[in-house]
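Q: Quick one, fold the following:
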Amino acid sequence: MTGPMSRLAVAGALAATALSGCQADGSAGASPAPAPVTLANGSRALAWGDGAYGLVLVHGAAYDAASWEPQARVFADDGMRVLAVEDASADSVEAAIRHLHDAGVDRVALLGASAGSAPALQLGREEPDLVDQLIVLSGSGDVTALGDFPKLFAASEGEGLAADAERMAEEAPGAWNALYLAAGDAHAQAIFGTDGGPGLLEAIVLRLEERR
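A: A predicted model of the protein is given here:
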């Protein structure tokens, strides 16, 4: 990275490191079914993988924890321990991070989509030491008080929130911030089911791999 914000290349430029065996929706087909987990605050989550790097997934308003399964399988197959929270609240996101810490995972990234980006951003402001890196998908909010941890802001290039992603990538503190705009105009998790989905998933995996 040469500056405070780096624009990630579109899918074609990432082809040399494409994820082998993934379908258009990100499914890998080889991982076991998710395991149900009860977090310390009483909320529920789904768990995939047993890697040494943690990832908490926070769904949008029209989705649930199980909606992340195609992408979670890819992350788990790539060596991550993944938790998708059922209750998309800051309290449950924090409980999920601490659950991973209790399981021996020292560093945890957050991925929040649409409405699920709000609790992820809140944790990034209020408990920055808990967040190893942050990925915001089709979200919007105040990023000026976030910690200095790495951040990726993503959206479809044709949706209105593309401008918010660009703004947040420019305004966020720290020297390791990036922007990714996927092809099309789908919103949040729906992007994964479009032509822009494989490029988006790959950009997220590559970003996570830079830290784990």
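Q: Quick check, central residue of this protein?
A: Leu111 (2.4 Å; Cα atoms, centre = their mean).
Q: Could you check stretch 194-201 and say which residues are buried?
A: Thr194, Gly196, Gly197, Pro198, Gly199, Leu200, Leu201 (16 or more other Cβ atoms under 10 Å). In short, each C-beta sits where N, CA and C put it, glycine included.
Q: count of residues packed around Gly116?
A: When neighbours are defined as other Cβ atoms under 10 Å, Gly116 has 29 of them.
Q: pretty sure it contacts Val58?
A: Yes - the criterion here is Cβ atoms under 8 Å, and Gly116 meets it with Val58 at 3.5 Å.
Q: where do the contact lists of these two overlap?
A: Ala88 (Cβ atoms under 8 Å, 6 or more residues apart in numbering).
Q: and for the strand or helix carrying Leu123, what are the contacting residues?
A: Element membership of Leu123 [criterion: DSSP states H and E] is helix 117-126. Residues outside helix 117-126 that contact it (Cβ under 8 Å, 6+ apart): 58, 88-90, 92-94, 97, 110-112, 130-131, 134, 136-143, 145-147, 149, 151.
Q: Quick one: distance of stretch 75-87 to the chain centre.
A: 10 Å (Cα atoms, centre = their mean, to the nearest Å).
Q: All the strands of the protein, residue numbers only.
A: For the chain, the strands defined by DSSP state E cover 5-7, 35-38, 44-48, 53-58, 80-85, 108-113, 133-137, 151-156, 177-182.
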